[in-house]
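A.B. asks: missing the sequence, but the structure's below:
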């Protein structure tokens, strides 16, 4: 649901391994996928697959097929579309009360929104730290560009259930390196900090992530991360690093080299005149900072810069 670059890549890989997959996305992409198939290239290998592709849930329901009773919905919309997507999914989920919804989105708060519609027991969280880009639309070709880690999937209550393991096995067998985890909230917050540090600066400076190791850019990253850690501590989120300094070393030594050639999705959104996810990345730390009376001036400045670029491009 929300089959852009990431959704098409995951759906295409699963279809290539003989799962029956239905994509729901913009007709601009769904039409050529229906007519010519979906090509996947890059670090997950070369694949050309045929799969169901529709532009709305109502169309899925009208046309019937296995998509009406899915085992799992992979939600890959932008974070600001989560509520609308779940509203649109209501009739489909009513047809299939055992369906689980797995968020593979950026930002903080998506799983809580999903759980409002289907309950925590039918909600799964995911953390994807892999890069995707649509390199052509006629036919649709999605390239998997870089990856810093396996996809992490977990239940909100931390249980490793047979259902969770079955989904993870399906991903791994499809060539999507994945792992079941007990602490998915920690992984989601860790990804949010990574995104906050790199995504907007890549968009503002129009450079790939690797260029942000420059001492001037990295000095800004340090302030972003320090503010984010203070907010996470106030929210009682258990991170994988004891201090901002420890995380920044990991970012510089491990994550940046692995994703050095990646350009942020935020830059692509701005170039296309689209709304970005800044409110659900750096904006989350600003909002939660106010809640806890924690100053977040650098994150707030980043939010305002991105919103300026959004408005300028739309104008």
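C.D. replies: Received the coordinates, thanks. Bear in mind the structure is a predicted one, so any value in this text is a computation, not a measurement. Numbering: from 1, shown residues only.
A.B. asks: Setting aside sequence neighbours, what's the nearest residue to the residue positioned nearest the centre of the chain?
C.D. replies: The centroid of the chain falls nearest to residue 105 when counting by C-alpha atoms, centre = their mean (2.8 Å). Nearest residue to residue 105, sequence neighbours excluded (C-beta to C-beta, 6 or more residues apart in numbering): residue 79, at 5.4 Å. Using the backbone N, CA and C atoms, a C-beta is placed for each residue, glycine as well.
A.B. asks: One more: residue 118?
C.D. replies: residue 101 (5.6 Å).
A.B. asks: tell me which element that neighbour falls in.
C.D. replies: Using DSSP states H and E, residue 101 maps to strand 100-103.
A.B. asks: Just give me how far that strand sits from the chain centre.
C.D. replies: Between the mean C-alpha location of strand 100-103 and the chain-wide mean there is a distance of 12 Å, by C-alpha atoms, centre = their mean, to the nearest Å.
A.B. asks: could you point out which element follows that strand?
C.D. replies: Assigned by DSSP H and E, the successor of strand 100-103 is helix 110-118.
A.B. asks: what's whatever helix or strand comes next after that following helix in contact with?
C.D. replies: Per DSSP H and E, the first helix or strand lying C-terminal to helix 110-118 is strand 123-127. Applying C-beta atoms under 8 Å, 6 or more residues apart in numbering, the external contacts of strand 123-127 come out as 100-105, 110-111, 114-115, 151-156, 164, 167, 184-185, 187-188, 190-191.
A.B. asks: change it to 7 Å
C.D. replies: Defining contact as C-beta atoms under 7 Å, 6 or more residues apart in numbering, one finds that strand 123-127 is touched by 100-104, 111, 114-115, 151-156, 164, 184, 187-188, 191.
A.B. asks: next one: stretch 70-82
C.D. replies: 1-4, 6-7, 10, 85, 89, 96, 99-107, 110, 113-114, 167, 275, 277, 279-280.
A.B. asks: one more time with 6 Å, if that's ok
C.D. replies: With contacts defined as C-beta atoms under 6 Å, 6 or more residues apart in numbering, stretch 70-82 is touched by 1-2, 6-7, 10, 85, 99-107, 110, 113, 277, 280.
A.B. asks: Look at residue 268 and report its pLDDT.
C.D. replies: At residue 268, the model reports a pLDDT of 89.
A.B. asks: Mind giving me the packing neighbours of the strand or helix carrying residue 221?
C.D. replies: For residue 221, the element it lies in under DSSP H and E is helix 215-234. Counting contacts by 3 or more C-beta pairs under 6 Å, 6 or more residues apart in numbering; DSSP states H and E, helix 215-234 packs against helix 184-205, helix 244-250, helix 282-291, helix 297-314.
A.B. asks: what comes up buried for the first one?
C.D. replies: Of the residues in helix 184-205, those buried under the neighbour-count criterion (16 or more other C-beta atoms under 10 Å) are 184-204.
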